[in-house]
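J.: I'd like to go over a predicted model; first the sequence, then the structure.
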Amino acid sequence: MAVVNLTVNGQAHTLDVDPDTPLLWILRDHLDLTGTKYGCGVGECGSCTVLLDGEAVRSCSLSVREAAAGAVTTIEGLGRDGLHPVQKAWKELEVPQCGYCQPGQILTAVALLDRNPRPADAEITAAMSGVLCRCGTYQRIGRAVKKASEGGGR
Amino acid sequence: MTTVINLGRRDFLKTAGVLTGALVLGFRLTEAAAAEAAAEWGAVGAPFNPNAWLEITPEGRIIVQVPWSELGQGPLTAIPMLLADELEADWEMVEVRKAWNDPRFGRMGTGGSRSVRTSWDPVRRAGAAARQMLILAAAARWSVPAGECRARRSEVVHERSGNRAGFGDLAEAASLLEVPQNVPLKAPAARTLIGKSLPRLDTLAKITGEAEFGFDLRFPGLLFAAVARAPVFGAQVAGVDDSTARRMRGVRRVLPIGSGVAVLADTTWQALKARDALDVQWTPGSEPDLDSDAIAARLAAARPEAAAIMRREGNPAGALASAHTVVSSVYELPFLSHSPMEPVNCTARIVDGFCEVYGPIQSVSWGQSVAAAAAGMDPQRVKVFPSYAGGGFGRRLMVDYVTDAVELAEAAGCPVQVVMTREEDTRHGFYRPASRHVMQAGLDTAGGLVAWSHHLACPSISGQLDPAGVPDGRDEGAVDGAATLPYRIGNVDVLYSMVNTPVPVGWLRSVYNTQNALANEAFLDEVARAAGRDPVALRLDLLPGDNRLRRTLETARDHWGWPARLEKGRGQGVACHPCFGSFVTMMAEVSSPAPGRVRVHRVLAVVDCGPVVHPDGMRSQIEGGIAYALSGLLHEGIRIRRGRVAQSNFDDYPILTLDEMPEVTVVSIPSEDAIGGIGEPGYPPLGPAVLNALFDATGVRVRNLPLAAHFGQ
Ligand code: FES
Ligand code: FES
C-alpha cells in the first residue's frame, strides 16, 4: 500500500491504495467515476479510454502510480460547462446505441482533434479503429468526428 | 397510489387514480400477440407478455413506463412516441421510466425484435382511449358535444366556444370515466410523432457518462464478487485452496456457489486478483477431450434418413433423382459468442424480506423465477430492475448471472455485484450453435429450379435447455429461416438432425436465421450460376407477384442499378430474407485487395418493416445488424479444445473494427402493412450477400466460416 496523489477532472485526490492498481478501477471503485468503462482489461477495446494530459490512454492498462504523473480527464470531466463539440456532434448524429463504448469513443476523438483539428478521413479511421463498438455505430462515429472537426458540433 | 387491477379480458384496465387526481391507464398485449411471442421463443425463457403504463398527473406530466429493456435498440423513445402520438400529448411533457417487474406488467422480457411491433397496437390504443377520456371529461365540463372537441399538444380544445383545458387539469375528471373500448386510431396522415426521427431520450446520458449500466450500480455496503468457473463444460469443484486469496487485501469472503468459487471483496480489482489466486481443483467434466473437429464430425455424421422432416412439398427425392443437373454444397458455420461490450454482470441484495435484482437483463420475468429459486423465496418477493445494458444480442436472455448474484447476496448478507471479466464472458457464454447444412438443388433442362433440399444438423437451443421439451428432435426453432424458405419451388425438403453437445447454446441476434439464411441465400447464388441465371432475376422468378420480400428486391435492384458497373477487381452480391415480420434485401460490393484480404466497400439494405416508427432508429438498428453480422462473417468462431472454449478476449476473439465498416445505405419501404421487428432482420442477409459478392470478385466460393480462416484477415 502506498499513498498516491491523483488529479482527476481538476480535483486532487489522496488515495491509500496498491499503486499497481489499474487506473480504471481506481476511477470506478474508489472515486465513483463510473463513466469510464471496463470492456476487456487488456488494452484491446478502448472502452476505458481517458485523457492523461490530453492524450488518450487506456486506463485498464495504466497503473494509478503512472497516472499520478499527469492530470486525468474522464467523461464526467469533459464538457462540464456544456457539451464539448465532440459530444454535440455525437448527439446530432445520434451515434450511441447501447452507449457502453461511447465515453471511450468520445475521449479518443477529443484527443485526436486536440492534436489534429482537421484530420483527413484516413486519419480519423486510423485514430478511431482501435476503439471497439459491438453495436456497430462505426459509420456514425466516423461522421461525427468529421462533423466535430468541421465545427459542425458547435 | 392505490392501483387495483382487474385482469379481465378487456384490453384496457383503468386503475384508481382518484386519490391523486391522475389518470392512470394500463394496457396489455393482445392474447394473439402474447401467443405469437410464446410460439416464437419455445418453452424456455418465454413467453414475453409485457404491458406498459401511462400516467397523467394533475400538473400535466405524462409518465410512460417502458417495460422493455434498453439494450441499444431505443424502446425508451419509440414506445412513448406510440403513446404520445395517439394521445396528442405535448412531447415535451412526456417522461419515461424504465419499468421494473411490477406484477401489473405481466411477464416481462425483451427479445425477438418485439419491443415496438408488439406495442404498436395496444400502446396506440391505450393512447387513443386516454385521449377520448380527456375529451369526454372536457365536453362534460363545458356541456358541449364531445364530437366538437379535439385534443392537441396536451390540451382539449372546443373551438366554437373558445374553451380549452390542459390534460393535467382534466386528468382527475377523466380518471373517473369508464375506459372506452375500440376508440378509432388516427389515420396515418394525421400522425404527428410516429415516423419522425425525434432525438433519442437516452442519448445525453450515454454521451456524458451518466447512463447507469449494470457495472455502475452502487449500494452502501456493496461487495464485488469474482467467480472461479469450471474451465471444462460440466466440471464441478473438487477442492479449493483459498489460503492465499483469503489473506489478500480487501477480501471479505470466499464462498462456494453453484457456478464455482466466489471471492467477495471491497473493490472489483481486489476480487479479480484474489479470484486468480484461488487454487481450485475440478472434476473432469462432461467431455474433457471434446474439440471442434469432433463436433464437426458429429454434425457430418447426421444421416438425412434419420432426420426430422420439418417441411416437405412434392417429391423432392424423386425430383432430384430425375433432375437434369443437381447442384450440391455443404455449408459449415461455427459457434459464435455474443460478446456484448459490457460483460455479463448482476447485482442483488436482500432487504426486508425482499430480494432485489439489478442489472442488464433481457429476461426480467425469467430472472425473477431463478432469483426466487436461488433465494428460496416466493417469486412475489423478488423485484427485478433492469438497468441500461451495454448490448445484449441475446446473451442477456439467459439468467445464469442472476442466480450467481442472488446466491451470493443471500450467503453474504449484503449487496453483491457479481462481475464477469471479458475472458469469462467469452468462455462462459451460450453460443450461437455451430451448424452444418447439406444443400441440394435440381435443375431441369431449361435451367429451372425444380427441387430444393436442405438438411440441417446442429444443436437445439430448446433441446439443450430442456430436453423434455423437444422429445422427438423436432425443434421448429432450429429451422427458422430454413422451413420458411420464401421461394416457390415445386419440390422442397427441409430436414433437421438435432445434434446436441456439451457446449452451451443460446439465442443470438436473429437466432437460427443467422445460419439458415446464409445457407439458403449463398447456395441459391450457386444455383443461379449453375443455371446461368442472374441472381436477382432468378429470385424474382421464384417469388410470388404480390410479395413484400419481392418488393424489397425490386427496390434494391433499382436503387443499386443491379448489376452495377464496378471497379475492376470488385464483385457484387445479393441476398434477401424475411424474419421477425420484416423483409430485407441486401446488396454488397466486395473486393480482395490483396491475397488473403477481404474488403466490404458498401452495403445497401432495403427494408420493409411496415410502419416505421422512428426512421433514424430503424436505420441505426440495420447498421448495427450489418456490423454484427459482418463481424461474425469475417472474424468470429468459438473453437473448442480440450473440452473448453479456446479463446478468451478480443485479442484471440477479434470483432469488427471501424476501418472494416462498409458504407451502409438503408432504404425503407414504409407502408401500413403488418409491422415487423428491426433489431434482428438486419443480420441474416449480410453474410450471404458478402459471400456472393466475394465469389463474384474472386471466383472463390467460401462455405465455411469465418472468412479469416481462409483469407487470414
Ligand atoms: S478495458 Fe481497457 S482497453 Fe478494454
Ligand atoms: S454503442 Fe454499444 S458498444 Fe458501442
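T.: It's in. Just so we're clear, the structure is a prediction, and the values are computed from it rather than from any experiment. Numbers count the residues shown, from 1 in each chain, chains lettered A, B, ... in the order given. Ligands and ions are numbered 1, 2, ... in the order given.

J.: which one of the residues in the stretch 501-650 of chain B is closest to ligand 2?
T.: Here the residue of the stretch 501-650 of chain B nearest ligand 2 is residue B:624; by Cβ to the nearest ligand atom that distance is 8.2 Å. Backbone N, C-alpha and C define where each C-beta goes, glycine included.

J.: which pLDDT value belongs to that residue?
T.: pLDDT recorded at residue B:624 is 98.

J.: residue B:177 now?
T.: So residue B:177 comes in at 85 (pLDDT).

J.: kindly report the same for the one 4 residues further on.
T.: Predicted confidence (pLDDT) at residue B:181: the value is 78.

J.: am I right that residue B:125 sits in a helix?
T.: Yes. Assessed by DSSP: H, G, I helix; E, B strand; the rest coil, residue B:125 belongs to a helix.

J.: for ligand 1, see how far away the residue of the stretch 501-650 of chain B closest to ligand 2 is.
T.: 20 Å (Cβ to the nearest ligand atom, to the nearest Å).

J.: beta-bridge partners for residue B:665, please?
T.: Residues in a beta bridge with residue B:665, per DSSP bridges, are residue B:604.

J.: give me the element residue B:556 is part of.
T.: Following DSSP states H and E, one finds residue B:556 within helix B:548-560.

J.: ok, and what's touching that helix?
T.: By Cβ atoms under 8 Å, 6 or more residues apart in numbering or on different chains, the list of residues contacting helix B:548-560 from outside reads B:486, B:536, B:539-540, B:543-544, B:562, B:572, B:574, B:576-578, B:583-587, B:604, B:606-608, B:665, B:667, B:669, B:673.

J.: let's see that helix as PDB, backbone CA atoms only.
T.: In PDB, the C-alpha atoms belonging to helix B:548-560 read as follows (Å, rounded to 0.1, in the frame of the first residue of the first chain):
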ATOM      1  CA  ARG B 548     -43.200  -7.900 -49.600                       C
ATOM      2  CA  LEU B 549     -39.800  -9.600 -50.000                       C
ATOM      3  CA  ARG B 550     -40.100  -9.200 -53.700                       C
ATOM      4  CA  ARG B 551     -40.800  -5.500 -53.300                       C
ATOM      5  CA  THR B 552     -37.500  -5.100 -51.300                       C
ATOM      6  CA  LEU B 553     -35.600  -7.000 -54.000                       C
ATOM      7  CA  GLU B 554     -37.000  -4.800 -56.800                       C
ATOM      8  CA  THR B 555     -36.300  -1.700 -54.900                       C
ATOM      9  CA  ALA B 556     -32.800  -2.800 -54.200                       C
ATOM     10  CA  ARG B 557     -32.200  -3.700 -57.800                       C
ATOM     11  CA  ASP B 558     -33.400  -0.200 -58.900                       C
ATOM     12  CA  HIS B 559     -31.500   1.600 -56.200                       C
ATOM     13  CA  TRP B 560     -28.300  -0.200 -56.800                       C
END
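
J.: so the residue of the stretch 501-650 of chain B closest to ligand 2 touches residue B:71, yeah?
T.: No. The pair residue B:624 / residue B:71 is not scored as a contact, 10.4 Å apart, by Cβ atoms under 8 Å.

J.: and the closest residue in space to residue B:661 that isn't next to it in sequence, how many neighbours?
T.: Nearest in space to residue B:661, with sequence neighbours left out and distances taken as Cβ to Cβ, 6 or more residues apart in numbering or on different chains, is residue A:138 at 3.8 Å. Neighbourhood size, residue A:138 [other Cβ atoms under 10 Å in any protein chain shown]: 27.

J.: kindly report the same for the one 10 residues further on.
T.: Neighbours of residue A:148 under the rule other Cβ under 10 Å: 26.

J.: that one: what's it in contact with?
T.: A:85, A:86, A:88, A:89, A:109, A:113.

J.: what distance do you get for the third one to residue A:74?
T.: Using Cβ to Cβ, to the nearest Å, one obtains 19 Å as the distance from residue A:88 to residue A:74.

J.: settle it for me: which of these two has more neighbours?
T.: Set residue A:88 next to residue A:74 and count neighbours by other Cβ under 10 Å: residue A:74 wins out with 24 against 19.

J.: doesn't residue A:49 make contact with that one?
T.: No. Counting by Cβ under 8 Å, residue A:74 stays clear of residue A:49, with 9.4 Å between them.

J.: overlap of the contact sets of these two?
T.: A:36, A:103, A:107.

J.: between these, which is nearest ligand 1?
T.: Comparing the shared contacts of residue A:74 and residue A:49 against ligand 1 with Cβ to the nearest ligand atom places residue A:36 closest, at 8.9 Å.

J.: the closest one belongs to a strand?
T.: No. The assignment for residue A:36, made by three-state DSSP, is coil rather than a strand.

J.: what pLDDT does it get?
T.: So residue A:36 comes in at 98 (pLDDT).

J.: tally of neighbours for it?
T.: With neighbours defined by other Cβ under 10 Å, the count for residue A:36 comes to 28.

J.: and if you look at the one 10 residues further on?
T.: Neighbour count of residue A:46, defined by other Cβ under 10 Å: 25.

J.: can you verify my assumption that it contacts residue A:108?
T.: Yes. The pair residue A:46 / residue A:108 is scored as a contact, 6.3 Å apart, by Cβ under 8 Å.

J.: mutual contacts of the two, please.
T.: A:130, A:131.

J.: still on that earlier bit, now, among the contacts of residue A:148, which is nearest to residue B:242?
T.: residue A:109 (44.3 Å; Cβ to Cβ).

J.: any part of stretch B:275-283 near chain A?
T.: No. Residues of stretch B:275-283 contacting chain A under Cβ under 8 Å from any Cβ of the partner chain: none, with a closest distance of 11.7 Å.

J.: ok so, going back, just give me the closest of the shared contacts of residue A:74 and residue A:49 to residue B:277.
T.: Checking these one by one against residue B:277 (Cβ to Cβ), the nearest turns out to be residue A:36, at 25.6 Å.

J.: wait, the closest one sits on residue A:57?
T.: No. Applying Cβ under 8 Å, one finds residue A:36 not in contact with residue A:57, separated by 11.0 Å.

J.: mind listing the shared neighbours of these two?
T.: Common neighbours of residue A:36 and residue A:57 (Cβ under 8 Å, 6+ apart) are A:49, A:50.

J.: ligand 1 contacts on chain A?
T.: A:38, A:39, A:40, A:41, A:43, A:44, A:45, A:46, A:47, A:48, A:58, A:60 (Cβ under 6 Å from any ligand atom).

J.: what number of residues lie near the residue nearest to the fifth one when sequence neighbours are not counted?
T.: Taking Cβ to Cβ, 6+ apart as the measure, residue A:43 lies nearest to residue A:61, with 4.0 Å between them; neighbours along the chain are not counted. Residue A:61 is surrounded by 16 other residues when neighbours are defined as other Cβ under 10 Å.
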